[in-house]
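Asker: please work out how this folds:
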Amino acid sequence: MAEKVVAIAHGQAALQLGLTGLPVHEVNEIGAVETMLTDLMESEAQVLIVDERFRGQFSEWFSNRLARHSGLPLIIFVPSFGEEDAGTDAYINAILKPAVGFEIRLD
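Answerer: Numbers count the residues shown, from 1 in each chain. Predicted structure coming up:
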């Protein structure tokens, strides 16, 4: 059975997302991130959580592909959890709660 919610992150973000029980693919090379994200976009996943630090490194072609993407899976870019930012939980829940129907808290 395919996972419905999957994360792609690196370092501290991967550790913290993994502690929530989510399956996390820890990747640090941007080409591998693009390949993995492409594969997951074609899978049965419904929500893909992606470390925000990757977004600025994507190739122009891949950035355009993401901009054209609609429907499932929902792709959510989350800020680094290493920074103290009280808005992280609010940001994630503003996007996830309407999509999955419940609130997720990262402590």
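Asker: pretty sure Val5 contacts Val50?
Answerer: No. Counting by Cβ atoms under 8 Å, Val5 stays clear of Val50, with 11.9 Å between them. Using the backbone N, CA and C atoms, a C-beta is placed for each residue, glycine as well.
Asker: name whatever forms a beta bridge with Leu74.
Answerer: Val47 (DSSP bridges).
Asker: any idea which helix or strand carries the residue positioned nearest the centre of the chain?
Answerer: Nearest to the geometric centre of the chain sits Ile49, at 1.6 Å (Cα atoms, centre = their mean). In the assignment (DSSP states H and E), Ile49 maps to strand 47-51.
Asker: give me the contacts around that strand.
Answerer: 4-10, 13-14, 17, 22, 33, 37, 40-41, 73-78, 80, 96, 99-100 (Cβ atoms under 8 Å, 6 or more residues apart in numbering).
Asker: once you drop chain neighbours, what's closest to Ala14?
Answerer: The shortest distance from Ala14 to any residue other than its chain neighbours is 4.2 Å, reached at Glu26 (Cβ to Cβ, 6 or more residues apart in numbering).
Asker: starting at the chain centroid, how far to the strand holding Ile49?
Answerer: 1 Å (Cα atoms, centre = their mean, to the nearest Å).
Asker: what about it, average pLDDT?
Answerer: Strand 47-51 shows a mean pLDDT of 89.
Asker: immediately after that strand, which helix or strand?
Answerer: helix 52-55.
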